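S.K.: Structure, please.
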Amino acid sequence: MVRITTLFILFGLSIQYAIAQDSHYWSSNYGPGGLMTPGATIADTKDSGVFFYNPALLAVRPKTALEFSGSLYQYESNRIIDALGKGKDLKSVSAGVSPQMHSGSFELKNNERLVLAYALIHTHILNDRANQRQDKQMNVLNDGYSPGSEYYIGQFSEINQVSEIAGAFSAGYKLSEKLFIGASLEVPIRKQSFDIEYSGRALQNLPSGSDVIFPPLTNTESVYRVDYTQASLKPKLGVAYNQSRHHFGLLVTFPLTRIFSQGTLMSDNVVTNLRLTPTSDPVNFLANTRQEKLKTNYKTPLSIAAGYSYDFGRSQLYVAAEYFAKIDDYNVLLPRNDYFIRPDTGSANASTQALLKFKEARKSVMNVAVGISFPVKPSVMGYISARTDFSYADEKSFADEDGYISYTTNWNTYHAQLGANIRRPKFSFRPGLLLSYGTNRQYKPEINFDTPNESNLLLGNPVEAKANHLVIGLLLSYIHNL
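M.R.: Got it, this is the predicted structure:
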């Protein structure tokens, strides 16, 4: 009975929740569908870029040049309406400068068919912060021992910050006037800080006439924090083929190979004076641990991208698609079976690994993009593009309900770009407007401050809510021809 109660409490406190753009492959503007970003293409689009997503395109129009691309300003908003109860929205708003890429390419004088390039790429994934609070007199505890409405305080806070910086080296080779091949090796360094904290507290009502100054407090609270850094290798192989007005491209991106990782985990769970039934003894519970030097195993799947562009006059139509394979349930970070549930006796550490693992699973997805470029002036080309960005969140594939999920967004996002490329003899300048929108009318948080009671650990019964995601950004790119 004690073990059942313990596991019930821990499962109840293990809330898997966050609001962020963290379960998508095409959120970055540097990708097969980011036509406005120099080099973000699979097939030849006569792009003035320096470092191409498909390395085979380096050899199509070889040059020695430098490039800087960045989002001068980006505003991002996530909002879940009535997420934690009526009028208790969860909002996360961030804004600021987000550099994207610095790159260079150079031709070899002794081999005109070979072009080499390098890049330093910053990928903005998310910077998410949200919190909410309920402070109200509510009938939270059973009237059998605490008659009437209690003073109840519920609190929720979460931070999820993810960023990647990658160094990349590419080579493109011209096999013939129509056929080109290329290879690329990226070394992405991924950092994630995940922090989720929540609590439910109620002061028990004492019988009338009691002279107790400080009434008993029923309290449940949980803290879960993970910080990790992982460096990996990500190879790519590409091919491009040009035939008159028709241009084709194919790119295979292989799964990550980890070369270094280190993570830290901390968890604190406390329950005080909780009565699961009116006549039962109060439950008091403590589970706490902090572990350092943990290995991580963050993964990305095999993906295959294809692109096609068609010239008509000085304009061009571009379409692309990329398929991402499924990834089964796995642990991004797995703690050791150190002592967690207190006191440290017997088999109290047997469940630590399962209860505190940081996990994810991904379903297979395919994203598509379409874009068009057209002349505005002899030296100015206009660009319009749109792309899908389907969520790979796959909570149904988890083997069990233990642990914490590294993502929980499950809405699909749609991106649009509008801009121009201004050419000059020694440089190209490209300003553009970036728009992204996503929504989910059946988003289900796992806390609700409207219905707290002992059976749900004072955290309430979840209900469906509407989630909205919006990003507005300004992209600036500068290419200098040496």
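S.K.: contacts for the helix or strand where Ser309 lies?
M.R.: Secondary-structure assignment from DSSP states H and E places Ser309 in strand 303-312. The contact list for strand 303-312, computed with Cβ atoms under 8 Å, 6 or more residues apart in numbering, reads 25, 32, 41-45, 54, 245-253, 316-325. For the C-beta atoms, the positions are set from N, CA and C on the backbone; glycine is no exception.
S.K.: Now which of the residues you listed would you call buried?
M.R.: 25, 32, 41-45, 54, 247-251, 253, 316, 318-322, 324 (16 or more other Cβ atoms under 10 Å).
S.K.: Which of the residues you listed fall within strands?
M.R.: Counted as lying in strands by DSSP state E, out of the buried ones among the contacts of strand 303-312, are 247-251, 253, 316, 318-322, 324.
S.K.: what pairs with the nearest residue to Arg245 once chain neighbours are set aside across the strands?
M.R.: Distances taken as Cβ to Cβ, 6 or more residues apart in numbering place Asp311 nearest to Arg245, at 4.2 Å, with adjacent residues excluded. Beta-bridge pairing for Asp311 (DSSP bridges): Gln316.
S.K.: Can you check the pLDDT for Asp311?
M.R.: Per-residue confidence (pLDDT) for Asp311: 94.
S.K.: how about the helices in the stretch 351-482 of the chain?
M.R.: Assigned by DSSP state H, counting those that start in this stretch, the stretch 351-482 of the chain shows helices spanning 352-356.
S.K.: For the protein, give me the ranges with low pLDDT.
M.R.: Scanning the chain for pLDDT under 70 picks out 1-22, 70-72, 98-99, 345-346, 348, 408, 482.
S.K.: ok, now with 50
M.R.: Residues of the chain that meet the criterion pLDDT under 50 lie in 1-4, 7, 17-21.
S.K.: So which residue of it lies furthest out from the middle?
M.R.: Of all residues in the chain, Gly209 has its C-alpha farthest from the mean position, at 55.0 Å, by Cα atoms, centre = their mean.
S.K.: just to revisit the earlier point, farthest pair in the ones in strands among the buried ones among the contacts of strand 303-312?
M.R.: By the measure Cβ to Cβ, those have their two most distant members at Gln316 and Phe324, which lie 26.3 Å apart.
S.K.: picking that back up, check contacts around the residue farthest from the centre of the chain.
M.R.: For Gly209, the contact set (Cβ under 8 Å, 6+ apart) is empty.
S.K.: That one belongs to a helix?
M.R.: No: under DSSP: H, G, I helix; E, B strand; the rest coil, Gly209 sits outside any helix and is assigned coil.
S.K.: Check the spacing between it and Glu395 real quick.
M.R.: Gly209 sits 51 Å away from Glu395, going by Cβ to Cβ, to the nearest Å.
S.K.: try Glu454
M.R.: 27 Å.
S.K.: Those two - which one has more neighbours?
M.R.: Taking other Cβ atoms under 10 Å, Glu454 and Glu395 do not tie; Glu454 has more neighbours (20 against 15).
S.K.: surely that one meets Asn142?
M.R.: Yes: contact criterion Cβ atoms under 8 Å: Glu454 and Asn142 qualify, at 6.5 Å.
S.K.: partner strands of the helix or strand hosting Val226, parallel or antiparallel?
M.R.: Here Val226 sits within strand 217-243, counting by DSSP H and E. Counting by DSSP bridges, the strands paired with strand 217-243 are strand 179-203 (antiparallel), strand 246-253 (antiparallel), strand 257-274 (antiparallel).
S.K.: now that strand, how far from the centre of its chain.
M.R.: Remark: strand 217-243 is offset 7 Å from the chain centroid, using Cα atoms, centre = their mean, to the nearest Å.
S.K.: got it, and stretch 203-215?
M.R.: Counting by Cα atoms, centre = their mean, stretch 203-215 comes out at 48 Å from the chain centroid.
S.K.: Tell me, how many residues neighbour Phe180?
M.R.: 26.
S.K.: same question but for Thr352, I mixed them up
M.R.: Neighbourhood size, Thr352 [other Cβ under 10 Å]: 20.
S.K.: and it, what does it touch?
M.R.: Thr289, Pro335, Arg336, Asn337, Asp338, Tyr339, Phe340, Ile341.
S.K.: any idea which of these is the one closest to Asn412?
M.R.: Pro335 (32.6 Å).
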